[in-house]
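Undergrad: What follows is a protein structure lacking sequence information:
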DNA sequence: GCATAAATTTGCGTGCACGCAAATTTGCGC
DNA sequence: GCGCAAATTTGCGTGCACGCAAATTTATGC
């Protein structure tokens, strides 16, 4: 059992996955504008009302196919960096990894997302989801000196990622229309690095403060 | 004329203001749940469809009565600080000022907002609006060395403000229910200060880099 | 097994956001 | 003043999010 009573949680995740898959498949087949939430629900074998028990907007399900549990993976990636590397490197590299790793699996889905504005917005909104896991991961590394700091830093990092994605989607949207099937890589890793760079001092300072406090 | 052809823009602002006022008045009179967008539109003397040309959600109009043009004021406040004060102080103090100054005018409206979850969310979302003006204000102070940096810093500051507001609304919601008419001041200024503090190093570093570049 | 409690799904109703195109209003040159 | 172009308002239709309560499914104690 994952959290509560096994079969319940299992079926819930199965339903969620079925909705994700159905949403993505239908969106790719017909184009995202020709997919109604009723279609997705029917394809997943649940009632339309149930769809909205899992996703609060039509776009969320489609985007979720690309996003998966990136939130959890980012947090885990931060936690897994050895204590030797600084907080800034741990956070930045973890994020870059997670956002470049997912380029391969859903290439076509990403292409779809970059096309439609509504999907782009939904995709950009997913950066908010990494905030809470990231808060805990940072708090862990900072040793829980001040819970406020971790929250602010995580929120700032998430905001920076959002800025980077926005920029990336903006530039790639205008450059990929001509050639057609160009994978929209405007070097997202580089963009993430430069975008997160200004936050480095804040992360370093928080780390120093934490060390100072720990040494009493 | 403000931007284009005077009377046009004037009437638009008048309509926007009428909608704001009507939304707030009705919300205060009947309670926010008993106000339909049709009612607001009727009270403002426009069609319901026009309402959505101005506000994209029912809550926005109500919240806008408290928010007004805080975006512009924040940016102006940052720009108005003398060049002597550092970037961090300029930004932080400007924000604290703007968010404490507006406590007085809409005390009752704020009380209303803190009560209903939907309004709280809409209120918190308004922090996103300060991002663009703040970007320009920061870029101005940094001397336009790197436009990326200003965007990231502004986004981070906005994110931090959002965190602070969230915290504030959360704590005051649980402490004000008992006594009833307590003005929800959990010392928002203090909270803003502590929440923005972790970003100070990032702002300072950006400023140093800008100075360094300017001196060649 | 079985009854009972808890959680999830479902149907229904309401209000809402928004695209679209026709109608109305405003600005501007003459 | 007058007519033309542009912007704004408006009505309409569609799809959607979500509260609510009944129905169904799942877990647990006995």
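TA: Perfect, thanks for sending it. Because the structure is a prediction, the values reported are computed rather than measured.

Undergrad: So the helix or strand hosting residue A:52, near DNA strand D or not?
TA: For residue A:52, the host element (DSSP states H and E) is helix A:48-54. Yes - applying CB under 7 Å from any atom of the strand, one finds helix A:48-54 touching DNA strand D at A:49, A:51, A:52. For the C-beta atoms, the positions are set from N, CA and C on the backbone; glycine is no exception.

Undergrad: Would you reformat these as a markdown table and include distance to residue B:20, pLDDT and neighbour count?
TA: Shown next, in a markdown table, are the residues of helix A:48-54 next to DNA strand D (distance: CB to CB, whole Å; pLDDT from 0 to 100; neighbours: other CB atoms under 10 Å in any protein chain shown):
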| residue | distance to residue B:20 | pLDDT | neighbour count |
| --- | --- | --- | --- |
| A:49 | 35 | 98 | 9 |
| A:51 | 35 | 98 | 23 |
| A:52 | 31 | 97 | 14 |
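
Undergrad: contacting residues for residue A:91?
TA: Neighbouring residues of residue A:91 by CB atoms under 8 Å, 6 or more residues apart in numbering or on different chains: A:78, A:134, A:137, A:138, A:157, A:196, A:203.

Undergrad: Can you pull the residues of chain A lying near DNA strand C?
TA: Remark: the part of chain A in contact with DNA strand C comprises A:8, A:11, A:12, A:15, A:46, A:47, A:48, A:49, A:50, A:53, using CB under 7 Å from any atom of the strand.

Undergrad: Show the secondary-structure elements that the biggest helix by length in chain A is packed against.
TA: Ordering each helix of chain A by length in residues (DSSP state H) puts helix A:147-176 first. If you count contacts as 3 or more CB pairs under 8 Å, 6 or more residues apart in numbering or on different chains; DSSP states H and E, helix A:147-176 packs onto helix A:87-101, helix A:107-115, helix A:117-125, helix A:131-142, helix A:188-196, helix A:200-214, helix B:147-176, helix B:188-196.

Undergrad: hang on, the earlier thing: buried only: go through the residues of chain A next to DNA strand C for me.
TA: A:15, A:46 (16 or more other CB atoms under 10 Å in any protein chain shown).

Undergrad: Identify the residues contacting the helix holding residue A:52?
TA: A:15, A:16, A:19, A:37, A:38, A:40, A:41, A:44, A:61.

Undergrad: wait, doesn't residue A:141 sit right on residue A:90?
TA: Yes - with contact defined as CB atoms under 8 Å, residue A:141 reaches residue A:90; the gap is 6.8 Å.

Undergrad: what sits in contact with each of those two?
TA: Common neighbours of residue A:141 and residue A:90, using CB under 8 Å, 6+ apart, are residue A:78.

Undergrad: what residue ranges in chain A score low on pLDDT?
TA: For chain A, the stretches flagged by pLDDT under 70 are A:1-5, A:102-105, A:172-186, A:216.
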